[in-house]
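Visitor: What follows is a predicted structure for the sequence shown.
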2 protein chains.
Amino acid sequence: MTPHHPDRDQIKLENVLNALGNPMRLAVVRVLAGGGEHACGTVLSKEISKSTLTHHWRVLRDNGVIWQRPSGRENLLSLRREDLDARFPGLLDAVLNGVDSAPETIDQFTAHI
Amino acid sequence: MTPHHPDRDQIKLENVLNALGNPMRLAVVRVLAGGGEHACGTVLSKEISKSTLTHHWRVLRDNGVIWQRPSGRENLLSLRREDLDARFPGLLDAVLNGVDSAPETIDQFTAHI
DNA sequence: ACTATTGTACGAAAACTTTCGTACAGTGAG
DNA sequence: CTCACTGTACGAAAGTTTTCGTACAATAGT
């Protein structure tokens, strides 16, 4: 099935907040914020079932937070930073700056689960 | 029962995003962002059952987004702006600035439900 | 062609959310 | 004191989320 990405102007604040309001997806976004594309299997390096990950990719994708594109046998993920910044200026920066004060960094999160 | 408010440093980004990732609660926060205190019954002026409202006050309160204090027979709500700004600088501003581009303003929201 | 890798699809279970109605507690006004 | 008002508590129903296992599709390498 072709992955469904909303257009920039169809991205809704409420949906983005909702997508980010989950520790696992927040962790993913922090990794992707580092830049570039990551294969699905290389973002979170812990024992999380593939179908669970697929579910979260869908939430992030359908709500306009990430791009997902096939490449060979991998599926590459990247943050829709430009679209999010254009649509909700400052939001992503604020969320990413909230890292230090957040209870879970990526490592703490993955160590926790 | 005494309402439970988390301390400033116990407010979690993920929880705040989650609390705000709901159209009704987002609408409430926009009203409270206008400043001051509002009685529970005066924030959203539409046919939403009191118990549903109570549920949303709890979510917003427990996740550190609002203060709630009894006053006479009313229960006054206000935004925890200082705490949120201190904890996640720029987040609330970004969320509130996302209003114009959001699909529902308060009125559109209440007209919609 | 066969096999291993990478991820999606589907179905299911458990947990959580959202909403409501009804019942109740506390306050203020008459 | 009694009554209306404001909101909470509780229980329930419907819907959504989160997680998993198993099965499958597509690609890349041998």
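Guide: Alright, I've got the coordinates.

Visitor: so what's residue A:80 up against?
Guide: Contacts for residue A:80 (Cβ atoms under 8 Å, 6 or more residues apart in numbering or on different chains) come out as A:11, A:64, A:65, A:66, A:67. (C-beta placed from N, C-alpha, C; glycine too.)

Visitor: Tell me the buried residues within the residues you listed.
Guide: Among those, those classed as buried by 16 or more other Cβ atoms under 10 Å in any protein chain shown are A:11, A:64, A:65, A:66, A:67.

Visitor: and residue A:41, how many neighbours?
Guide: Using other Cβ atoms under 10 Å in any protein chain shown, residue A:41 has 11 neighbouring residues.

Visitor: about what we covered before: just the contacts of residue A:80: which are in strands?
Guide: Those of the contacts of residue A:80 mapping onto strands are A:66, A:67, per DSSP state E.

Visitor: Tell me the one of the contacts of residue A:80 nearest DNA strand C?
Guide: DNA strand C has its nearest neighbour among the contacts of residue A:80 in residue A:66, at 10.4 Å by Cβ to the nearest atom of the strand.

Visitor: from what I can see that closest one touches residue A:60, true?
Guide: Yes: in this structure, residue A:66 is within contact of residue A:60 by Cβ atoms under 8 Å, at 4.4 Å.

Visitor: Kindly indicate which of the contacts of residue A:80 lies nearest chain B.
Guide: The closest of those to chain B turns out to be residue A:11 (Cβ to the nearest Cβ; 8.8 Å).

Visitor: which one is that closest one nearest to, not counting chain neighbours?
Guide: In space, and not counting its chain neighbours, residue A:11 is closest to residue A:64: 3.5 Å by Cβ to Cβ, 6 or more residues apart in numbering or on different chains.
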